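*Asks:* just coords:
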């Protein structure tokens, strides 16, 4: 058995010398210790095996590290393409988008994932109803006019409504998206479920011949509390009807408040409607599958149709055969008639009478592979040799996993070539099983199956730029096939673009998680946990331990647009739920709403003659020093005489402070001692009455 100390730092020569020196201690019959002795040769092989085994025994392979991390719940996060919403407002009328339709900004490419029609629906007006009257917010449709609108006023109530008037609506059964830009001065914690609304909720409806009918909606704005998407799905059986609101007519979508416990009043900056999705990826090779076996019409998503390969399945369940493109009939063999239509469109026609061969009417009868010139020059990636975990380098990195497909070419007993399309992770008897390392641009063949000797070619491939695809909002995109001008606009930023996590990144995330406290022990733990409560805006927090009662007092200042914010029931319940999961079972806690105490100041200051605004400067400085709500001071922090005195005297306009007196306006929650003010643990100070006398310093003349 190997001892651990023998596996470290010992060379083969040292091990061999130790073994030979031990021979006389074991036997006196072995006297020939020269390299020519067969026993020495055997001993050398055993020592070499021990040395190799010793060098490996202390090493942990990457696969073993991944398995260990998986046991504690940490796996590499998959890579994702960034997602973006685009408008089609700049198009003149209805336009059809093909699958993999390309949109570009600079050198970055985004693509659609499905065919759809856009550009035929527009938002023409926005009205809201509150306080018994309608209010026009049409300016929210103008991107040049930045004028926030409180669409429900200063006191949103259940029953308040917002109307979106459109010139047309998508077909029944289809989906569309709005993007709402919200004006908010406070950072809100992310929700675990992005579509959850904890402060308010809407009922969304569309006007039809039967009146207003409900439509399904996923609201990612928190009921108009933060910028985001609102995804609408129209029922299949809807019959739209026009709706007139004052002097505005069109098709109407209405949102009615069902609950309205807002912490921040909704304030909208901009509304963009009828958006479509694109993803940041650049398709370099694409395999299209067809069931028809006579005439196929193909619309290439690339700038032109590129390089084309055609494969047909002649027997159900069998491999494919290669069909060559022909510009005329009359040839005998596996051919198909190729006709170029222009603008990336072409047709392929199969005819047994003309060529002698054609695909059968089976599932996935025909596959068309379209290559860019770059891929076609290097689409052959290697040969299946057959040893374990064979790695093959690909000519591209940062590959989109869902897009990747290999073509395996084999030769039958008659010398004819046949082809199979193989995706990563396929696990069947005799199948080619491999996995894709998309970041590095490699494949690892786990099981060659019946494919030993097969030549491998790229069948489908797209690359992504990962986090670079999370572009900022407010760009115009170009789609040359649709318009010569960049008319497609993204009202929101790109989201979700990441590369697959590397092993090092998973290890770092595990290490960070280990060192991040989950259970609340100290006051700082309670502050950190409460401040992270999902969906809340929290500006200040202070936890104080009462060890005698085994009680933690937690004071919280919510981020609202009220002058003196109070904790609502939603805030208290959400924070309590968060802390219950993380507290020690024997520890109690109490969530305290903030109290506010004004501070009156009386002071006399000598100011310099050359400053005409000295009084305003002094008042501003005093308000700054006394403002705990918006300043750096936290709950319970003392306000000392020295810091206020020094803060005023340090102004350039001040010669010196002659007299200063501070007094809390409420002695219940703040006390005065030795000229300093000590607020209670859940108290914040704010500027009260300021009585200021300024005296201009006289200048002595010699």
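*Replies:* Yes, it's here. Just so we're clear, the structure is a prediction, and the values are computed from it rather than from any experiment. Numbers count the residues shown, from 1 in each chain.
*Asks:* By mean pLDDT, point me to the weakest helix or strand of the chain.
*Replies:* In the chain, no helix or strand scores lower on mean pLDDT, DSSP states H and E than helix 38-57, which sits at a mean of 80.
*Asks:* Could you give the separation of that helix from the chain centroid?
*Replies:* 53 Å (Cα atoms, centre = their mean, to the nearest Å).
*Asks:* buried set for stretch 521-528?
*Replies:* Neighbour counts over stretch 521-528 (16 or more other Cβ atoms under 10 Å) mark 525, 526, 527, 528 as buried. Where you see a C-beta, it was placed from the backbone N, CA and C, and this is true even at glycine.
*Asks:* Tell me where the model's unsure across the stretch 351-500 of the chain.
*Replies:* Counting by pLDDT under 70, not a single residue of the stretch 351-500 of the chain qualifies.
*Asks:* Show me what the least confident helix or strand of the chain is packed against.
*Replies:* helix 12-26 (3 or more Cβ pairs under 8 Å, 6 or more residues apart in numbering; DSSP states H and E).
*Asks:* So for the helix it packs on, mean pLDDT?
*Replies:* Average pLDDT, helix 12-26: 86.
*Asks:* could we number from 57 for the rest of this?
*Replies:* Got it, first residue is 57 now, which makes that one helix 68-82.
*Asks:* Find the nearest non-adjacent residue to residue 302, please.
*Replies:* Excluding the flanking residues, the one nearest residue 302 by Cβ to Cβ, 6 or more residues apart in numbering is residue 190, at 6.3 Å.
*Asks:* what helix or strand is the one you found on?
*Replies:* strand 189-192 (DSSP states H and E).
*Asks:* For the helix or strand following that strand, which outside residues touch it?
*Replies:* Sequence order places strand 217-222 as the next helix or strand after strand 189-192, per DSSP H and E. For strand 217-222, contacts defined as Cβ atoms under 8 Å, 6 or more residues apart in numbering pick out 177-186, 207-208, 234, 299, 301, 304-313, 327, 329-330.
*Asks:* Repeat that for stretch 161-172.
*Replies:* 140, 142, 152-160, 332-339, 357, 518, 521, 524-525, 527, 531-534, 542.
*Asks:* Of all the residues in it, which ones are buried?
*Replies:* Buried residues in stretch 161-172 (16+ other Cβ under 10 Å): 161, 164, 165, 166, 167, 168, 172.
*Asks:* who's the third one bridged to?
*Replies:* Spelled out, that is residue 165. Beta-bridge pairing for residue 165 (DSSP bridges): residue 160.
*Asks:* Residue 527 versus that one, what's the distance?
*Replies:* 12 Å (Cβ to Cβ, to the nearest Å).
*Asks:* what bridges to the spatially closest residue to residue 479 that is not a sequence neighbour?
*Replies:* Leaving aside its chain neighbours, residue 479 sits nearest to residue 461 (5.6 Å; criterion: Cβ to Cβ, 6+ apart). Beta bridges link residue 461 to residue 516, judged by DSSP bridges.
*Asks:* same question, the one 4 residues further on
*Replies:* Taking DSSP bridges as the rule, residue 465 bridges to residue 475, residue 511.
*Asks:* Next: residue 545.
*Replies:* residue 532.
*Asks:* Please tell me I have it right and it contacts residue 534.
*Replies:* No. Using Cβ atoms under 8 Å, residue 545 is not in contact with residue 534; the gap is 11.5 Å.
*Asks:* between those two, which one's more packed in?
*Replies:* residue 545 (19 against 16; other Cβ atoms under 10 Å).
*Asks:* quick one, what contacts the more buried one?
*Replies:* So residue 545 contacts 142, 143, 145, 146, 199, 328, 530, 531, 532, 533 (Cβ under 8 Å, 6+ apart).
*Asks:* OK, contacts around the spatially most central residue of the chain?
*Replies:* Residue closest to the average C-alpha location in the chain (Cα atoms, centre = their mean): residue 552, at 2.7 Å. Applying Cβ under 8 Å, 6+ apart, we find residue 552 in contact with 136, 137, 138, 139, 526.
*Asks:* For it, grab phi and psi.
*Replies:* For residue 552, the backbone dihedrals (degrees, to the nearest 10) come out as phi 90, psi 0.
*Asks:* again with the one 3 residues further on
*Replies:* With angles defined as degrees, to the nearest 10, residue 555 sits at phi -90, psi 160.
*Asks:* Quick check: nearest residue in space to it, chain neighbours excluded?
*Replies:* residue 522 (4.1 Å).
*Asks:* follow-up on the earlier one: of all the buried residues of stretch 577-584, which comes closest to residue 702?
*Replies:* Distance to residue 702 across the buried residues of stretch 577-584 (Cβ to Cβ) is lowest for residue 583, with 29.0 Å.
*Asks:* mind putting the buried residues of stretch 577-584 in CSV, pLDDT and distance to residue 440 included?
*Replies:* Listed next are these as CSV, based on pLDDT from 0 to 100; distance: Cβ to Cβ, whole Å:
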residue, pLDDT, distance to residue 440
581, 94, 55
582, 95, 59
583, 95, 58
584, 94, 53
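*Asks:* can you give me the helices for the stretch 507-656 of the chain?
*Replies:* Along the stretch 507-656 of the chain, counting by DSSP state H, counting those that start in this stretch, helices occupy 559-571, 579-587, 625-636.
*Asks:* between the ones you listed, which gets nearest to residue 321?
*Replies:* Between residue 321 and those, the tightest spacing by Cβ to Cβ is seen for helix 625-636, at 14.8 Å.
*Asks:* residues in contact with that closest one?
*Replies:* 254-255, 317, 319, 576, 582, 585-586, 588-592, 610, 612, 614, 645, 647.
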